[in-house]
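Chemist: how would this look folded up:
(one chain, ligands or ions: 2)
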Amino acid sequence: MRLGVIADDFTGATDIASFLVQNGLPTIQYNGVPESVDSLSARAIVISLKSRSCPPQQAIDQSLAALRWLQQQGCDRFYFKYCSTFDSTAQGNIGPVTDALLAELGESQTVISPSLPVNGRTVYQGYLFVADQLLSESGMRHHPVTPMTDSNLVRLMTRQAQGKAAVINASQLDKGADVVRDQLATLKTQGINYVVLDALHEQHLLTQGEALKEMRLVTGGSGLAIGIARAWSTAQQNAAEAEWAGRPQGQRAVVISGSCSQMTNRQVNTYRQIAPSFEVQVERCLEDAASYADELCDWVAANSQQALAPLLYATADAQQLQAIQQQYGAARSSEAVELLFAAVTRELKARGWQRFIVAGGETSGVVAQTLGVTAFHIGPTISPGVPWVRDIHQPLSLALKSGNFGDEQFFARAQTEFSA
Ligand SMILES: Nc1ncnc2c1ncn2[C@@H]1O[C@H](COP(=O)(O)OP(=O)(O)OP(=O)(O)O)[C@@H](O)[C@H]1O
Ligand SMILES: O=C(O)[C@@H](O)C(=O)CO
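Modeler: Ligands and ions are numbered 1, 2, ... in the order given. Sure, this is the predicted structure:
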């Protein structure tokens, strides 16, 4: 069996790839649907898309293209990876993409499993929690693009998809994989298309993996990948070997932060105390992006002689972000920031920068796309779900962090604990 993963953003893709490798499945990741093939020995192939917040039809088209390519590579089981905080709107894209993938595979049922307990995401009675808060009471309610104001996964899913949803709860999961399999079969006869799975801890994910070994399409965050990989792999020793190819290399490093999540705000504040930092002004991104990007690169060059790499950040807290969005518009300001970071990345690469530490899923997508990174090895894990990765074709290493991932020291640890 070969697993094909379709991930709706870049950091989400490295997140799941990291868990697959750590749990024994050699994995290769591609940025977008590739034209060439070099994945022959991998047991899992991850394709990262940028389909989380684009128009639903675009997300469907991209996801189906990825599915068909993965089928051509011999994949026979599929995993639609979205955010552990279910980032989406009433229009999608989780629902429409899930429906399209099910239809293409000729299947009528899948699971919804965003839980990732190691990072504080759990599902109980079908409600998604972030640490000790309901999703809708967590910082995710202020997300710049996909604010999450409901926590009930049955409601969230049925609002954006065509079919029916139900829950298999934690007490059923406690009874083991056979009971879960039976429940799935019963729910199928009742016409239930999306089965929300509770998971409070890793054992629940292992039970899910065992129960879902044969399911053609599963959907979820990266936690379920722990269960699937363990259920599939026969030996753990592959993990250390697989990580070696992705260890960091390269001479010059920069930290780029475009995430406004609570955790990234904390990480930026911590790092600013110990390393050179520069706050990106949205107004300048809108006014004169090209000359502003040159200025920022000059600043990075002038501040690269220290032990820790310089930080460029657009990261703002909820209040600042609201003010910026009111002044310039949400879409306009976030696009301006992304274009600025693309210009900075292009210029730094030209000037010889080879190590990029990036915060934010969209921001990571922009940086990786600008660098022309299309395929890479998954390296050692910096924090759960965040590995160093190394381009297969160019001497470039990246650490791509989802908004809410990592601890407060993440930016420094990525450098000090993994010397190039
Ligand atoms: N100061 C700012 N003003 C307006 N928009 C901003 C600002 N800083 C960042 N942004 C935009 O907010 C968006 C943040 O999305 P991104 O995916 O990078 O981070 P995230 O949502 O926290 O991460 P993840 O998707 O991994 O959870 C980007 O489009 C970015 O350009
Ligand atoms: O699942 C998560 O939380 C992350 O992999 C992610 O997708 C954030 O962009």
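Chemist: what's in contact with the host helix or strand of Thr186?
Modeler: In the assignment (DSSP states H and E), Thr186 maps to helix 177-189. With Cβ atoms under 8 Å, 6 or more residues apart in numbering as the test, helix 177-189 has contacts from 108-109, 111, 166, 168, 172-173, 195, 197, 207-208, 210-211, 215. Glycine gets a C-beta too; all of them are placed from N, C-alpha and C.
Chemist: Would you mark the buried spots in that helix?
Modeler: The neighbour-count criterion (16 or more other Cβ atoms under 10 Å) identifies Ala177, Val179, Val180, Arg181, Gln183, Leu184, Leu187 as the buried residues of helix 177-189.
Chemist: from those residues, which is closest to Trp232?
Modeler: Taking Cβ to Cβ as the measure, Trp232 lies nearest Ala177 of those, at 13.8 Å.
Chemist: Give me the secondary structure label for Asp87.
Modeler: Assigned with DSSP: H, G, I helix; E, B strand; the rest coil, Asp87 falls in the coil class.
Chemist: Is the nearest residue to it once chain neighbours are set aside in a helix, a strand, or coil?
Modeler: In space, not counting the residues next to it along the chain, Asp87 is nearest to Thr146; the distance is 4.2 Å by Cβ to Cβ, 6 or more residues apart in numbering. Following three-state DSSP, Thr146 is assigned to coil.
Chemist: Get me the contact residues on the stretch 1-150 of the chain for ligand 2.
Modeler: With the criterion set to Cβ under 6 Å from any ligand atom, the stretch 1-150 of the chain comes near ligand 2 through Asp9, Thr11, Gly12, Asp15, Cys83, Ser84, Thr85.
Chemist: just the helices in the stretch 301-420 of the chain please.
Modeler: Using DSSP state H, counting those that start in this stretch, the helices of the stretch 301-420 of the chain run over residues 318-328, 330-350, 361-371, 410-416.
Chemist: is it true that Ile226 touches Gln208?
Modeler: No: the pair formed by Ile226 and Gln208 falls short of the contact definition of Cβ atoms under 8 Å, at 9.1 Å.
Chemist: ok so, going back, out of the buried residues of helix 177-189, who's nearest Gln415?
Modeler: Comparing the buried residues of helix 177-189 against Gln415 with Cβ to Cβ picks out Ala177 as the nearest, at 41.4 Å.
Chemist: ok, that closest one to ligand 1 distance?
Modeler: As judged by Cβ to the nearest ligand atom, to the nearest Å, Ala177 and ligand 1 stand 31 Å apart.
Chemist: so of the helices of the stretch 301-420 of the chain, which one's packed in deepest?
Modeler: Using mean count of other Cβ atoms under 10 Å, the stretch among the helices of the stretch 301-420 of the chain with the greatest mean number of neighbours is helix 361-371 (a mean of 25).
Chemist: Distance check, Thr149 against Asp132.
Modeler: When Cβ to Cβ, to the nearest Å is the yardstick, Thr149 and Asp132 sit 18 Å from each other.
Chemist: which of these two has more neighbours?
Modeler: The residue with more neighbours, out of Thr149 and Asp132, is Thr149; 12 against 9, by other Cβ atoms under 10 Å.
Chemist: tell me the contacts of the more buried one?
Modeler: Applying Cβ under 8 Å, 6+ apart to Thr149 gives the contacts Ser136, Arg141.
Chemist: Next: Ile256.
Modeler: Residues near Ile256 by Cβ under 8 Å, 6+ apart: Leu311, Leu312, Tyr313, Phe341, Val344, Thr345, Phe356, Ile357, Val358, Ala359, Thr363, Val367.
Chemist: And for His204?
Modeler: Taking Cβ under 8 Å, 6+ apart, one finds Ser115, Pro117, Ala170, Leu173, Asp174, Leu197, Asp198 in contact with His204.
Chemist: Just the buried subset of these, please.
Modeler: In terms of neighbour count (16+ other Cβ under 10 Å), the buried residues within these are Ser115, Pro117, Ala170, Leu173, Leu197, Asp198.
Chemist: how far away is the last one from ligand 2?
Modeler: Right, Asp198. When Cβ to the nearest ligand atom is applied, the distance between Asp198 and ligand 2 equals 17 Å.
Chemist: still on that earlier bit, of the contacts of Ile256, closest to Gly403?
Modeler: Proximity of those to Gly403 (Cβ to Cβ) peaks at Ala359, which lies at 6.9 Å.
Chemist: Just put the residues of the stretch 1-150 of the chain next to ligand 2 in CSV and tack on pLDDT.
Modeler: Formatted as CSV, the entries for those read as follows, by pLDDT from 0 to 100:
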residue, pLDDT
Asp9, 90
Thr11, 86
Gly12, 91
Asp15, 92
Cys83, 96
Ser84, 97
Thr85, 96
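Chemist: Please report which of the residues you listed has the highest neighbour count.
Modeler: Taking other Cβ under 10 Å as the neighbour criterion, Asp15 ranks highest of these with 31 neighbours.
Chemist: so that residue is in which element?
Modeler: helix 10-22.
Chemist: about what we covered before: Throw the buried ones among the contacts of His204 into a markdown table and include distance to Glu335 and secondary structure, thanks.
Modeler: As requested, these are exported to a markdown table (distance: Cβ to Cβ, whole Å; DSSP: H, G, I helix; E, B strand; the rest coil):
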| residue | distance to Glu335 | secondary structure |
| --- | --- | --- |
| Ser115 | 32 | coil |
| Pro117 | 35 | helix |
| Ala170 | 41 | helix |
| Leu173 | 42 | helix |
| Leu197 | 36 | strand |
| Asp198 | 38 | coil |
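Chemist: so, if you compare the residues of the stretch 1-150 of the chain next to ligand 2, which one comes nearest to Arg272?
Modeler: Closest to Arg272 out of these is Thr11 (21.7 Å), distances taken as Cβ to Cβ.
Chemist: Check the gap between the closest one and Lys164 for me.
Modeler: The spacing between Thr11 and Lys164, counted by Cβ to Cβ, is 31 Å.
Chemist: mind listing the strands for the stretch 151-300 of the chain?
Modeler: Using DSSP state E, counting those that start in this stretch, the strands of the stretch 151-300 of the chain run over 165-168, 194-197, 217-220, 253-257, 277-279.
Chemist: May I ask you to confirm that Arg390 is in contact with Trp244?
Modeler: No: under the contact definition of Cβ under 8 Å, Arg390 does not touch Trp244, with a separation of 9.9 Å.
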